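1. model this:
(4 chains)
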Number of protein chains: 4
Amino acid sequence: MSSKIKTKRERVKFASDNVVGACPEVLEAIILANDGIASPYGNDEWTKNLQNKFSDIFEKEVIVYPTASGTAANALALSALTPVFGNIYCHKLSHINTDECGAPEFYTGGAKLVTLNGVNGKITPEELSENMGGVGIVHHTQPSVVSITQLCETGETYQLDEISAIAKIAHKYNLKMHMDGARFANALVSLGVTPAEMTWKSGIDVLSFGATKNGCIAAEAIIFFKPELVGNLPFLMKRSGHLLSKMRFVSAQLDAYISNDVWLRNAKHANQMGKKLSEGLDLNSKIELAYPTQANEVFAKFPRPVIEHLNSEGYKMNEEELDGKAVRLVAAWNTQDSDVDQLLQTISEVK
Amino acid sequence: MSSKIKTKRERVKFASDNVVGACPEVLEAIILANDGIASPYGNDEWTKNLQNKFSDIFEKEVIVYPTASGTAANALALSALTPVFGNIYCHKLSHINTDECGAPEFYTGGAKLVTLNGVNGKITPEELSENMGGVGIVHHTQPSVVSITQLCETGETYQLDEISAIAKIAHKYNLKMHMDGARFANALVSLGVTPAEMTWKSGIDVLSFGATKNGCIAAEAIIFFKPELVGNLPFLMKRSGHLLSKMRFVSAQLDAYISNDVWLRNAKHANQMGKKLSEGLDLNSKIELAYPTQANEVFAKFPRPVIEHLNSEGYKMNEEELDGKAVRLVAAWNTQDSDVDQLLQTISEVK
Amino acid sequence: MSSKIKTKRERVKFASDNVVGACPEVLEAIILANDGIASPYGNDEWTKNLQNKFSDIFEKEVIVYPTASGTAANALALSALTPVFGNIYCHKLSHINTDECGAPEFYTGGAKLVTLNGVNGKITPEELSENMGGVGIVHHTQPSVVSITQLCETGETYQLDEISAIAKIAHKYNLKMHMDGARFANALVSLGVTPAEMTWKSGIDVLSFGATKNGCIAAEAIIFFKPELVGNLPFLMKRSGHLLSKMRFVSAQLDAYISNDVWLRNAKHANQMGKKLSEGLDLNSKIELAYPTQANEVFAKFPRPVIEHLNSEGYKMNEEELDGKAVRLVAAWNTQDSDVDQLLQTISEVK
Amino acid sequence: MSSKIKTKRERVKFASDNVVGACPEVLEAIILANDGIASPYGNDEWTKNLQNKFSDIFEKEVIVYPTASGTAANALALSALTPVFGNIYCHKLSHINTDECGAPEFYTGGAKLVTLNGVNGKITPEELSENMGGVGIVHHTQPSVVSITQLCETGETYQLDEISAIAKIAHKYNLKMHMDGARFANALVSLGVTPAEMTWKSGIDVLSFGATKNGCIAAEAIIFFKPELVGNLPFLMKRSGHLLSKMRFVSAQLDAYISNDVWLRNAKHANQMGKKLSEGLDLNSKIELAYPTQANEVFAKFPRPVIEHLNSEGYKMNEEELDGKAVRLVAAWNTQDSDVDQLLQTISEVK
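-> Here you go, the predicted model:
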């Protein structure tokens, strides 16, 4: 790669937290895992050890399936929780509804995503409750799963009592609770709670545990808090092509990621950079924050000249299709103070 | 990882060529790719460069989609080539039929794998021709694709004229030709032909180009030799969860793999080790080769005491469900002469 | 069937227009069709003749596929119009979204129903337009079809210019226009327009032409106004089990239904009875009409005592899950003046 | 229909038993069912009564779902019995494999039909047994169902002990036994056994009970002999569009069909005509029977001049794609002695 290319690549900084590479600990784990021989398809020692490691972290015996993709983690998890004629309740802005090209529908064999308007990026127990209906009547798709995103799509966090209140409705109607935790660590350190508290203690049944965005190369995990929900997942995973033969390399990433607080440290840093950026933008009278910044994602309404100037300077602005067309800026595990300063400086250049 | 674990891991050697790690060039490429920022979802420079690199290798402008899994490459490729009510003709022993837990059926929305008996591991134009029928009649699933495996499931290679003869029948009936090239390089160096000759010049329309087994960590490529066949593949890939956000790491592997003859060198070595093993076994009067060894896979009928002795010594014998229950032994890009010697020695210990 | 059973059966009158039998002309056609021998699977003379008959009625050469079920007609039609990752835009109350247990998702292989709030039961071009987005971007399901219901789910009719305005947006974005015409005839006579005007002249591409509710036993038709949209429909129909072997009996129903103005006469009568019922209810100060009555469906808000009294008198009130929980009453082709009088009388008994 | 058309229609006689109409008892039942009002979607009295009637006939409490199509009955039944990654074992000539355009794959979400060669048209316990494998291993589709056709596709009947022997293997490996009984009655009277003996007493778990071919217009039934196997069938049926709104008309056909021995009388007659035809052909030295005639289907190898003469005389010869290209001739419930005589006479005209 020439330096010219590298410069070009730099420009997408802040577009998302998936534009950066892996943190040193994760890269080192891959290098170490490369030595020697291992049984394929997840029958290796790394994958086996993950069961215990994650059980420790979640203070409960969990069942873990590593995958290389977050969309796969979500779609596979959902496919274990719903019949083909099931309803999956989710926020209208949720990643599973808007950014996975129909993966949940594909994997579940045609389940229906029932979209809720929510308040900002979060669904409410009231709206969920109003949409429960038709149970047992063959004409209607059947309420089966609720999926919430933590950190949610507007960068906000669900509070523990909000999760519990939603889960209470879900479980009252015998639905399962899924959490899309693509930015699980960012939400966790934002709330300052334990992994157990943010999941099964609040009623979550299955978690898509994200790691790629926060320091890995390609590593996510489907985590079941109730073994009876696993069902046919291993078969569904294989037939979707997500049971990698050299799975040890995914598991080694996860192993390093959740060891020695790497994941928490990465997330804390990203959140701090998000906060710094948010506060900097808030000082600019031309700019309005679209949602409160609670972790590493910042949504702000930029005047058109700001967007154009940023794009001309090499930033690639990711205009989300949210109410009011806010721009999304995401800090990553390795975002530098100087990166934020430079961005704020560039914005301030617009008169 | 303790040394105890490592020793245990060594024991699965020869079980498959997916039990080993990546070759140094590929690992180095991952480390280099980790530096800096890149657009996600395949919009990075590595992925873009692959189009040219593969076009050079195949002496034709090709369209390339990198994936992390061979099952995904096969299933996605097939899903671009058949309607939901299509017939996919394949050998009864083919990986897509026996080892992918129904991935082709899943991805194609229910297409039918029509299994042919073939001669040894290879299908014949005659049997294929006999199974063409029902075209245009709504009662019958419609002939749509022929899929052959090169290197095939018995370790044999299709000769160029054999591929051409099958493709001629396929194209006569307007079917598409798919090649599952999980061990593409091993077959290629065995035949001593060019990539172009073994594919589109012999009538192949779409190739699953395997790299994981021959020196990568998780890297395959779907290669279209006819742009008009790509269809909706990008959407199908995304909705299957196989469009990795940090795709640069898959593409970087492929880039290193096909650069500087790494892939050919790896395959040549594996084939040599396969040949050495095959010849060694052939000298043992208790052992009968099940199929001619043409690359890095050796199929042999072992007496039960041999199998038991090998397993007691830590080898994990992979008894394939083939006619006559042959054992499969696979040499990899890093199999050592001493590994083969030791295996032969262990076998010879059985009286 | 004893008279006791028959009495019981009477009680569901007004619950829907599918509780009644076939009109004499249709029953006679079945009896006549039973004589002699006919090629199976739609290769009979009745089915072949339908092509011409419907082409005459629609003043355009159409392609017709008879089916025995409206859900099948809708789902099959949609499956011909959308890729597996497509968006189908429809009203949130639409039958395809709420009353077919996910049939569209099943038949299309997982397409997404994007629900619009509409105004009353009808979608608007503005809301549709706002929801067009993500075209060509692999992360997003792709806008593919708009489906409207005529007569719509609140009993209202789309005016011709309303259909045209929606179709204009749809076609601007290269979407296809589908009409669920389960009560096509009722809407048609309500508007007093021609079949051509209410369909292809207003931009409809494919129609589910309903006949079961308005005088048939089990007969619907998928009608393509553009031959190039038929695609693989015949195969999709066969593999869904909807290509009946003795298809002549479905086609004979349709033939009789569209001959000699039977369908229009039936619909006119049903609409008159609907109007009579609506006007009678409107005179009752305790009752509020939920939507304007434009054909044979009446939606009204009944006080709880009215519902209870009606149910105690043998009426089975079908409380729709609409805003405000209106009750639906449907007049059929054979509803009698005395039926309406008796219902109004029963209601008036509640003090 | 002009007399010219009627004459033409006569010519397909013997092509199949689905070219004829309904018997008088069934037609009368439809006419009677047309009177009055009935709850839709199978909540009518006819459908409810079927449960008892079929339970009487099968000497066991069964659960019955009427459908209008045999392909639907098969595909729905299978979809209740297999996971999406299941194996359905069937004869390579079976209707579900060759004549339903992939309906089983569609309805099951991608299950695999594993085809067995069988002996003539019947599968054997030995071959079935040899194909059991891979249980619990995620790489392999999982053995789930065995489906046999009675009367089978070569016109032969499975003997009771043959069914039992297959079921024994199936149940040993925890598979479910399905019977495609499109010509159930013909097989039953051929064997001279009871419905119970030919089904659950021999190990059948679920039956597709055919009635269309033997005297109905469009009526089949899915019959579960074990209530715990029903699973989600009602939902699967609705979302496939096979829950007809005016279901009473299907159930009324079945009711009349299984009352007063109508079905057995029809089948006996058809079998007698089959026998007469078979014996007549056997006397012709130019003609060789392809399979023993055991019910109403006759398979014979006709010299090319015979086929051409028959076609020129208006018979439409249905050349099945069986070994040796036998012609299939099928007698129906209303085939006349004179029909058979005329056919034999026409054949004898060929010198």
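2. make it CA atoms for all contacts and neighbour counts henceforth
-> OK.
3. correct me, but residue A:317 touches residue A:15?
-> Yes: the pair residue A:317 / residue A:15 is scored as a contact, 6.3 Å apart, by C-alpha atoms under 8 Å.
4. which neighbours do the two have in common?
-> With contacts defined as C-alpha atoms under 8 Å, 6 or more residues apart in numbering or on different chains, the residues shared by residue A:317 and residue A:15 are A:328-329.
5. hang on, residue A:81 in a strand?
-> No: counting by DSSP: H, G, I helix; E, B strand; the rest coil, residue A:81 falls outside a strand, being coil.
6. residues touching it, list them.
-> A:144-145, A:176, A:229.
7. so residue A:207: helix, strand or coil?
-> Per three-state DSSP, residue A:207 ends up strand.
8. that one contacts residue A:222, doesn't it?
-> Yes: contact status for residue A:207 versus residue A:222: in contact at 5.8 Å, counting by C-alpha under 8 Å.
9. out of those two, which sits in the busier spot?
-> Counting neighbours by other C-alpha atoms under 10 Å in any protein chain shown for residue A:207 and for residue A:222 shows that residue A:207 has the greater number, 29 against 26.
10. all helices for the stretch 51-200 of chain A, in order.
-> For the stretch 51-200 of chain A, the helices defined by DSSP state H, counting those that start in this stretch occupy A:70-79, A:95-98, A:103-108, A:125-130, A:160-172, A:184-191, A:195-198.
11. redo these as CSV? Include distance to residue D:167 and mean pLDDT.
-> Shown next, in CSV, are these (distance: least, C-alpha to C-alpha, whole Å; pLDDT from 0 to 100):
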stretch, distance to residue D:167, mean pLDDT
helix A:70-79, 32, 98
helix A:95-98, 44, 98
helix A:103-108, 31, 98
helix A:125-130, 47, 97
helix A:160-172, 41, 98
helix A:184-191, 50, 98
helix A:195-198, 48, 98
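12. closest to residue D:89 out of these?
-> Among these, the nearest to residue D:89 by C-alpha to C-alpha is helix A:103-108 (24.5 Å).
13. by contact count, what packs against the closest one?
-> Judged by 3 or more C-alpha pairs under 8 Å, 6 or more residues apart in numbering or on different chains; DSSP states H and E, helix A:103-108 is in contact with helix A:70-79, helix B:233-239.
14. which SSE is immediately downstream of the shortest one?
-> So that's helix B:233-239. Going down the chain from helix B:233-239, the next helix or strand is helix B:248-258, by DSSP states H and E.
15. so what's the closest residue to residue A:234 other than its chain neighbours up against?
-> Nearest residue to residue A:234, sequence neighbours excluded (C-alpha to C-alpha, 6 or more residues apart in numbering or on different chains): residue D:138, at 6.4 Å. Neighbouring residues of residue D:138 by C-alpha under 8 Å, 6+ apart: A:234-235, A:238, B:101.
16. max-length strand in chain A?
-> strand A:142-149 (DSSP state E).
17. tell me the bridge partners for residue A:142.
-> Listed by DSSP bridges, the beta-bridge partners for residue A:142 are residue A:86.
18. how many neighbours does it have?
-> 26.
19. hmm, it is touching residue A:134, no?
-> Yes: with contact defined as C-alpha under 8 Å, residue A:142 counts as touching residue A:134 (6.9 Å).
20. and the gap between residue A:131 and residue A:117?
-> 11 Å (C-alpha to C-alpha, to the nearest Å).
21. next: residue A:25.
-> Separation of residue A:25 from residue A:117 (C-alpha to C-alpha): 40 Å.
22. same question, residue A:224
-> Distance, residue A:224 to residue A:117, by C-alpha to C-alpha: 28 Å.
23. same question for residue A:106.
-> With C-alpha to C-alpha as the criterion, residue A:106 and residue A:117 are 23 Å apart.
24. more neighbours, the two?
-> Remark: of residue A:106 and residue A:117, residue A:106 carries more neighbours, 27 against 15, as counted by other C-alpha under 10 Å.
25. the residue nearest to the more buried one when sequence neighbours are not counted and residue A:239, how far apart?
-> Distances taken as C-alpha to C-alpha, 6+ apart place residue C:110 nearest to residue A:106, at 5.4 Å, with adjacent residues excluded. Between residue C:110 and residue A:239 the computed distance is 17 Å (C-alpha to C-alpha).
26. now swap in residue A:87 and tell me
-> From residue A:87 to residue A:239 the distance is 23 Å (C-alpha to C-alpha).
27. neighbour count: the two, which is higher?
-> residue A:239 (28 against 25).
28. okay, that one: pLDDT?
-> The model reports residue A:239 with a pLDDT of 98.
29. wait, what's in contact with it?
-> Per C-alpha under 8 Å, 6+ apart, neighbours of residue A:239: B:71, B:100-103, B:106, D:85, D:139.
30. that concludes my questions; thank you for your assistance.
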